[in-house]
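1. This is the structure alone, sequence omitted:
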């Protein structure tokens with residue numbers, strides 16, 4: 001943002017002071033001033049608003065960073081043997097399961113595992129993981145933190161892994 005003072009007074013003798021946003025160069029606020037003292041006061045008020053907005057934005061950024069660091073310092077809570085899953089798909093719900101085979105301070109190592117599916121209706125069912133039935137190679141995943149401080153394990157494509165709670169997971173298929 002910046003403060004712009006119109007170069008010369010208008011026909012009615014007013015000088016305009018504008019607070020302008022840089023992204024679209026549009027006036028966010030305008031004050032009409034009659035004297036040079038009013039122009040100086042309006043400029044000072046807008047400049048202070050810019051400083052206050054920047055300080056507020058930085059304080060919010062610092063707060064989010066502190067929450068992320070605190071969450072990561074507590075640890076992710078995953079241990080060897082935990083089973084994780086994610087669901088994804090278009091016009092169907094695919095389910096993938098992985099088992100934690102190693103855990104570090106800020107990462108976990110997982111391997112894909114098989115699942116058994118019990119059909120419960122037309123092209124739909126419930127999947128249950130098969131512990132220790134590995135189907136893929138080990139893969140290391142770094143634990144991430146949302147701005148709120150909540151931790152997540154990215155699974156790619158905008159998805160994340162969730163801890164399996166022991167209940168079958170709904171799935172569906174097409175053709």
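-> Perfect, thanks for sending it. The structure displayed is predicted, hence computed values, not measured ones.

2. helix or strand right after the strand ranked longest in the chain?
-> The residue-count maximum for a strand in the chain (DSSP state E) belongs to strand 124-142. Helices and strands here follow DSSP states H and E; after strand 124-142, the next one along the chain is strand 144-145.

3. other SSEs contacting that following strand?
-> With contacts taken as 3 or more C-beta pairs under 8 Å, 6 or more residues apart in numbering; DSSP states H and E, strand 144-145 sits against helix 36-74, strand 151-156. For glycine as for every other residue, the C-beta is placed from the backbone atoms N, C-alpha and C.

4. and the angle from the shortest one to helix 36-74?
-> Same thing as strand 151-156. 90 degrees (axes from the mean of the first three to the mean of the last three C-alpha atoms, to 10 degrees).

5. starting at the chain centroid, how far to strand 151-156?
-> The chain centre lies 11 Å from the centre of strand 151-156; the measure is C-alpha atoms, centre = their mean, to the nearest Å.

6. Tell me how far residue 65 lies from residue 173.
-> According to C-beta to C-beta, to the nearest Å, residue 65 stands 43 Å off from residue 173.

7. what about residue 93, how many neighbours?
-> Per other C-beta atoms under 10 Å, the neighbour tally for residue 93 reads 16.

8. circling back to that earlier point, mean pLDDT lowest for which of the helices and strands packed on strand 144-145?
-> Mean pLDDT is lowest for strand 151-156 out of those, coming in at a mean of 75.

9. what sits up against it?
-> The contact list for strand 151-156 (C-beta atoms under 8 Å, 6 or more residues apart in numbering) reads 71-72, 76-78, 84, 86, 96, 108, 141-146, 160-161.
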